[in-house]
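Can you look at this prediction? I've put the sequence above it.
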Amino acid sequence: MKEIYHLADGLLLRTGKHGPLLHDLRVGHDQALAPELASICEELTLGATLEADQAQTVELRKRGWIVPGPAAPDEIWGAALRRIDDLYYHSFAACLSPRARAVRELLVKAHSRRKHISLFVGQCAALPETVLRRALQIGDAERVGKKRIVCIGDDDLMSVALAYLGHDVTVLDLDVYLLGLIEEISAAENLAIEVREVDLCQSIESLGLAPFDVFLTDPTSSRDCFEIFLSRAISLSRPGTTGFVAVYPLTHQLFDAIAEELRLSVSAWHGEHNRYYTHYGALHAYMSDWVQLELSERCCEVVDPHKVFTPGDLYSEQYPSRKGLSLIQIEDIDELGLALPFHLNVLLDQLAGEVGAQLLGRQTVAEDDWSLVLARLQSGFWAIHVNRARRNIVAAMYPHAMSSMTLAFRHLLAVYKRNGREATVSIFLGDQDLRAR
Amino acid sequence: MPSRLLDMRWYDDVAALARGEQAANDDAQLRDALGPFGSEHGVAEPHDVRLERVRALDRKYLAWQPDFPAAPADPLATLQEFQARQRLWHSRTGAQPALPGSAWYRYHTIEAAQARRVLLLEDADGLSLALAKKHDVVVVEPVEGHRRWLAHEAERLGVHGRIRLQGEHDVGGLVDVTVLQATVPAATRAALGRAIASTCVGGRIVLAVHSPADLWVYALISKAHLPIADCRREIEHAVTPAGPVLAGAGDLLVLTRSPDAELALEEGSLAEPEAPPYLALDFHSLAPNRLAADAGEHWLDWLTALADGAPAARGSDPQSDQELLWWYDKTGAGVLANLRRAERALFLVFLPYSRSLEKSAIGATLSLLGDDNTRIRPRRTRMAENLTVMS
């Protein structure tokens, strides 16, 4: 018997180079998916008809991954999203019009229907409150007049907010799932959204779209991605068009250089404007600036609209990123007699020998209450600082290597902290911070 | 205009000039020391240019908030004017200044609490001047130079009758709202203790929290029975004398002063005066024309001049692609720096962490190696109500 099923509440599917994974918000961890189940789950993100007694359907039901019925907003995911969105939204909600508040409610509902995130195309969705603020900058069509707007990529679901405010919106995106989702929301809410499956790297000549009044795009902050997205935006615009583009703060200069090449003029730069959520349903550490552009007749594409563009790495942010750092801190050390430069240098030598590292330059600073030993490595440095008056040791190892850090921590504990009460580790943006008390 | 170091013997004279007064020793040596920074050379930035620069930063980082005022009317105008007029920043000792727009949000938080009497534990932003038009304000400002500047501005604005400026904590009666910043654990703990003692039961304690202080602040306020009444997330944008905003805004927590509010004795890290968090700071897009071969040595010179402590050790180990620098003071506070010229990037590791050294190192880096394009890798608060909100 055929029946409609959808992915159960609390499950988010993501696809990327590490294969398809199902994140379960109810328990907070990932489930790996066998390829045959992955393709079914992908279909089920928008709801699909399955044979109820087919082995895979039975298996998925048994695991609690699918439930009968058409796809609907995911209540668990919606509640998690609302919680992080509220961190910002509640601060300014009181000053919004009822219509703006309705947009936010619709955005939370729309995003909580979004069950599939494709990392292949660099998706990282903005929070509903961010999408709302972006939409309010363009304005309500009742006040600013109806505008023709193009969203060049739309995993943020900007189109939903803009169409609700009365604008005519066209979405160009590569992700068929996302386009299907927007179509369903558009139909359910009676919104004026046209979706087009478009690979921006291909010629856009055949699209036959009239110039737009406004374009919005949130590309990866890399040269290739800026060039192709902004060139296509210029091709779809006319002098007087207003554009909005997200820029990662550390790629400010790269963006400036590209904007100059394309002769785009920046009319406003909104710093730290855009906040995002992760595919784990949490707040993303990433944020971006929101840059407003004005197009003139001087603007020129660097990618010909009639030609195919062959990108390098389209979806990696392009800024000099250092490697991770290891930090260790041990408080209230037992053995002050062994916390002298001689012992710290022996420790460094032993560690270097065990992990096969070559210590190049070496510095030792010895004061009454504290000492520092510092060694340079080919690719970075190691440092140990002991404060005997405060009975603590801190160490830094750059770049981070799990084996070296673990070994260093063990050695430091063995010598200086035989009776520790607790240890904590925190990881942030690649830096690992290990502490013992 | 590149920054330059001034000998501290000119401090009183420069402070007088910054207030628009005559310097006691206005001689040729002082004029030489000031160089192009003296207004008589005709190149000092005019006030309206400075004011527009301050307003532009507010527009960039805060004007996109839906509830931010469209035009700079009072109290925002007073706060912007204060920052534009300020020529002397006590950057290593005082509280961390914020954008005037951030102080405007603090102002409205106090207004919402219907406060009559307000206590500011330090006032880097001139908030007392804006508040004093409607409230009685007590400011505990330990930095004498800044206290004198606040007094000067209060007099100019005619609000000095409603502001009590003092160096020590002696509030004289309870206040309805106390405003403070979270810094290092022990100092924050001490300030919170003063806030509890000075605020009436049911009153508000407004606490600005930047990353990474959020990692321990929630535990501290929870144990102290200070429930969170409200939070404005990522609204506190720090600024430096060199201008650029430190990336990653802080949160503004509004706490209720409950009847049983009390700070328990802390052990371990929270009892340490300069304990964790120690941290790494990343600077990107350094000015290419300021990264000459001797830039590392100059950076160490600046740190020596800006830091509180006397230097105990400094050095550099330049390689073809990167340079390792280190600087330590007599107390053992220090910083390691990794300068990568080709990438125009610098990262600092405070080992162990010292707040005043962090501020000095930021000042040295932005003044000496940075320009308008230099950005610091954003450090955002990760906690909300004792829960991690970032995965």
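Cool, the structure landed. Please read these numbers as outputs of a predicted model, since none were measured by experiment.

where does chain B have its least confident helix or strand?
For chain B, the helix or strand with the lowest mean confidence is helix B:28-34, at a mean of 75 (criterion: mean pLDDT, DSSP states H and E).

Just after that one, pick out the following helix or strand.
On the C-terminal side of helix B:28-34, the closest following helix or strand by DSSP states H and E is helix B:47-61.

Please see if the next helix or strand after that following helix touches chain A.
Following helix B:47-61 in sequence order, the next helix or strand is helix B:76-85 (DSSP H and E). No: if you take Cβ under 8 Å from any Cβ of the partner chain as the test, helix B:76-85 misses chain A, and the best it gets is 15.4 Å. Using the backbone N, CA and C atoms, a C-beta is placed for each residue, glycine as well.

Please say whether there is contact between the helix or strand following helix B:76-85 and chain A.
Downstream of helix B:76-85, the first helix or strand assigned by DSSP H and E is helix B:100-112. No: using Cβ under 8 Å from any Cβ, helix B:100-112 stays clear of chain A, with a minimum separation of 8.7 Å.

Can you list the neighbours in contact with helix B:100-112?
B:54, B:58, B:61-63, B:68-69, B:75-76, B:79-80, B:82-83, B:118, B:125-127, B:130-131, B:135, B:177, B:179, B:204, B:206, B:208, B:230, B:232, B:235-237, B:249, B:252, B:254 (Cβ atoms under 8 Å, 6 or more residues apart in numbering or on different chains).

Same question for it: list its buried residues.
Using 16 or more other Cβ atoms under 10 Å in any protein chain shown as the test for burial, helix B:100-112 gives B:100-107, B:109-110.

Stretch B:66-82 too?
Buried residues in stretch B:66-82 (16+ other Cβ under 10 Å): B:66, B:68-69, B:72, B:75-82.

could you redo those residues as TSV and give each row pLDDT?
TSV is the format used below for the buried residues of stretch B:66-82 (pLDDT from 0 to 100):
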residue	pLDDT
B:Pro66	96
B:Phe68	96
B:Pro69	94
B:Pro72	85
B:Pro75	96
B:Leu76	97
B:Ala77	97
B:Thr78	97
B:Leu79	97
B:Gln80	97
B:Glu81	96
B:Phe82	96
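
can you list the weak-confidence ranges in the stretch 51-200 of chain A?
For the stretch 51-200 of chain A, applying pLDDT under 70 flags no range at all.

before we move on, the earlier item: of the buried residues of helix B:100-112, just say which sits nearest to chain A.
Closest approach to chain A among the buried residues of helix B:100-112 (Cβ to the nearest Cβ): B:Tyr105, at 8.7 Å.

Against B:Ser354, how distant is that closest one?
Counting by Cβ to Cβ, to the nearest Å, the gap between B:Tyr105 and B:Ser354 amounts to 29 Å.

do the same with B:Pro241
For B:Pro241, the distance to B:Ser354 - Cβ to Cβ - is 19 Å.

Pick out whichever of those two has more residues nearby.
B:Ser354 (24 against 16; other Cβ atoms under 10 Å in any protein chain shown).

Apart from its chain neighbours, what residue comes closest to the more buried one?
Nearest non-adjacent residue to B:Ser354, counting by Cβ to Cβ, 6 or more residues apart in numbering or on different chains: B:Ala333, 3.7 Å away.

Please look at the one you found and B:Gly309 and confirm they touch.
Yes: shown here, B:Ala333 and B:Gly309 form a contact pair, counting by Cβ atoms under 8 Å, at 6.1 Å.

which residues do those two both contact?
Shared contacts of B:Ala333 and B:Gly309 (Cβ under 8 Å, 6+ apart): B:Leu357.

Which one's more surrounded, these two?
Shown here are B:Ala333 and B:Gly309; by other Cβ under 10 Å, B:Ala333 has more neighbours (27 against 18).

ok, now which ones touch the more buried one?
For B:Ala333, the contact set (Cβ under 8 Å, 6+ apart) comprises B:274, B:309, B:350, B:352, B:354, B:356-357.

Inside helices: which ones of the residues you listed?
Residues of the contacts of B:Ala333 located in helices (DSSP state H): B:356-357.

so which of the contacts of B:Ala333 is the most crowded?
Of those, with other Cβ under 10 Å as the count, B:Leu357 tops at 26 neighbours.

How about that one, nearest residue that isn't a chain neighbour?
B:Leu357 sits nearest to B:Ala333 (Cβ to Cβ, 6+ apart), 5.0 Å away.

re earlier: next step: the contacts of B:Ala333 restricted to strands.
B:Phe350 (DSSP state E).

Go through the buried residues of stretch B:66-82 and name the one nearest A:Ala38.
B:Pro66 (41.0 Å; Cβ to Cβ).

ok now do the closest one, which residues does it touch?
Taking Cβ under 8 Å, 6+ apart as the test, what B:Pro66 contacts is A:92, A:95-96, A:100, A:133, A:136.

The same query, at a cut-off of 7 Å, please.
Taking Cβ atoms under 7 Å, 6 or more residues apart in numbering or on different chains as the criterion, B:Pro66 is in contact with A:92, A:95-96, A:133, A:136.

Neighbour-wise, give me the winner out of those residues.
A:Arg133 (25 neighbours).

Heading C-terminal from the helix or strand that contains that one, find the next helix or strand.
For A:Arg133, the host element (DSSP H and E) is helix A:128-138. Counting by DSSP H and E, the next helix or strand C-terminal to helix A:128-138 is helix A:141-144.

Point out the residues in the stretch 101-250 of chain B that sit beside chain A.
Residues of the stretch 101-250 of chain B that fall close to chain A, judged by Cβ under 7 Å from any Cβ of the partner chain: B:232-233, B:247, B:249.

So, low pLDDT: which residues of chain B?
In chain B, residues with pLDDT under 70: B:1-2, B:26, B:35-44, B:91-92, B:265-278.

Go ahead and flag the most central residue of it.
B:Gln96 (1.0 Å; Cα atoms, centre = their mean).

circling back: got the buried residues of stretch B:66-82 as a markdown table, with distance to A:Pro239 columns?
Shown next, in a markdown table, are the buried residues of stretch B:66-82 (distance: Cβ to Cβ, whole Å):
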| residue | distance to A:Pro239 |
| --- | --- |
| B:Pro66 | 30 |
| B:Phe68 | 31 |
| B:Pro69 | 32 |
| B:Pro72 | 32 |
| B:Pro75 | 41 |
| B:Leu76 | 35 |
| B:Ala77 | 37 |
| B:Thr78 | 41 |
| B:Leu79 | 39 |
| B:Gln80 | 35 |
| B:Glu81 | 39 |
| B:Phe82 | 42 |
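
what does the stretch 1-150 of chain A put close to chain B?
Residues of the stretch 1-150 of chain A lying near chain B by Cβ under 7 Å from any Cβ: A:84, A:87-88, A:91-92, A:95-96, A:133, A:136.

Can you spell out which helices and strands pack onto the helix or strand where A:Val425 lies?
Per DSSP H and E: A:Val425 is located in strand A:423-428. Applying 3 or more Cβ pairs under 7 Å, 6 or more residues apart in numbering or on different chains; DSSP states H and E, we find strand A:423-428 packed against strand A:431-436.

what angle do the strand it packs on and strand A:423-428 make?
170 degrees (axes from the mean of the first three to the mean of the last three Cα atoms, to 10 degrees).

What is strand A:431-436 packed up against?
So strand A:431-436, by 3+ Cβ pairs under 7 Å, 6+ apart, packs with strand A:326-330, helix A:402-416, strand A:423-428.

touching chain B at all, the first one?
Yes: Strand A:326-330 reaches chain B (Cβ under 7 Å from any Cβ) through A:Gln329.

Report the strands that pair with that strand, each with its relative direction.
Note on strand A:326-330: by DSSP bridges, its sheet partners are strand A:392-398 (antiparallel), strand A:431-436 (parallel).

can you list these in a markdown table and add distance to A:Val160, mean neighbour count and mean pLDDT?
Below are those laid out as a markdown table (distance: least, Cβ to Cβ, whole Å; neighbours: other Cβ atoms under 10 Å in any protein chain shown; pLDDT from 0 to 100):
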| stretch | distance to A:Val160 | mean neighbour count | mean pLDDT |
| --- | --- | --- | --- |
| strand A:392-398 | 45 | 25 | 94 |
| strand A:431-436 | 37 | 20 | 88 |
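
Nothing else from me, thank you.
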